[in-house]
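> Provided below are the primary sequence and the corresponding predicted coordinates.
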Amino acid sequence: MPGVYISLGAANYLNSAYANAEAAWRKSLSLDSNQPTVLSNLGTMYFFEGRFVEAAAMYSKPRVLHPEDQAIWGALGDAYRFIDGKEAESNAAYDTAIRLAELEYEVNSKNIEITSALARIYATRNHTEKSERFIKLALEISQEEMYVWYEVSLAYLALGQNQAAIEAVERLLEMGYPVNVLANDAMFSALAENSRFRKLVNSPDD
């Protein structure tokens, strides 16, 4: 069954066993090719491996299947962001993610996934006031969801508020976010030389 391989892939991914995760997820797709979540998972894995062109190609597949999913557009923007010459495509993907997320926010302003996503993407697109507004909203709705601290930490980082970003990362790790996954996340590359961040991800100073 495809679900068995999805779970196997996830377990390997969280342990940074990326080759095994890829094999499991691709086996799942061989049983059922219409699985947007698995396609997105593969895109995320490629992203964490630094295979950004492949990540963008993989994210583009579920984007076609579910063009109204703001999360897929945001992930596509992330992948393009790290590909030379793709700044325009990255910004366009982020702007689409914002448009779709805002539509969802109008329907349900208490949607924590949407508010935290808007906090980060607005920060990435240099809309400081809007980002700070959604950071506040997200943290008012819930501070008990792990992904909220992930999005908020990246929002602070994009806003240039490194101390606040690291404090959010500390909260993220306290809630059980895998250190090895964080250490391989290109989204935090701006903190790569920060001694406090390096200590958090167990990367000693050279």
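Everything's here; your move.
> Count the neighbours of residue 94 for me.
22 (other CB atoms under 10 Å). For every residue, glycine as well, the C-beta is placed using N, CA and C.
> count of residues packed around the residue lying closest to it once chain neighbours are set aside?
Excluding the flanking residues, the one nearest residue 94 by CB to CB, 6 or more residues apart in numbering is residue 77, at 3.9 Å. Look at residue 77: counted by other CB under 10 Å, it has 25 neighbours.
> you'd agree residue 77 is up against residue 98?
No - in this structure residue 77 lies outside contact range of residue 98 using CB atoms under 8 Å: 9.6 Å.
> list residues touching both of the two?
residue 121 (CB atoms under 8 Å, 6 or more residues apart in numbering).
> Next, the contact list for the most centrally placed residue in the chain, please.
Central residue of the chain (CA atoms, centre = their mean): residue 75, 6.2 Å from the mean position. Residues in contact with residue 75 (CB under 8 Å, 6+ apart) are 40, 43-44, 47, 55, 59.
> In this protein, where's the longest helix?
helix 87-107 (DSSP state H).
> Quick one: name whatever helix or strand follows that one.
Downstream of helix 87-107, the next assigned helix or strand under DSSP states H and E is helix 112-124.
> That following helix vs helix 87-107, what angle?
Relative orientation of helix 112-124 versus helix 87-107 (axes from the mean of the first three to the mean of the last three CA atoms, to 10 degrees): 140 degrees.
> How far off centre is helix 112-124?
A distance of 11 Å separates the centroid of the chain from that of helix 112-124, by CA atoms, centre = their mean, to the nearest Å.
> And for stretch 80-87?
The answer for stretch 80-87 is 16 Å, by CA atoms, centre = their mean.
> What are the buried residues along it?
80-82, 86 (16 or more other CB atoms under 10 Å).
> among those residues, which are in helices?
Those of these lying in helices (DSSP H): 80-81.
> Could you dump the buried residues of stretch 80-87 into CSV and include distance to residue 163?
Shown next, in CSV, are the buried residues of stretch 80-87 (distance: CB to CB, whole Å):
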residue, distance to residue 163
80, 29
81, 23
82, 25
86, 30
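> and of the buried residues of stretch 80-87, the nearest to residue 132?
Among those, residue 81 lies closest to residue 132 (CB to CB), at 21.3 Å.
> so what's that closest one scoring on pLDDT?
The model reports residue 81 with a pLDDT of 96.
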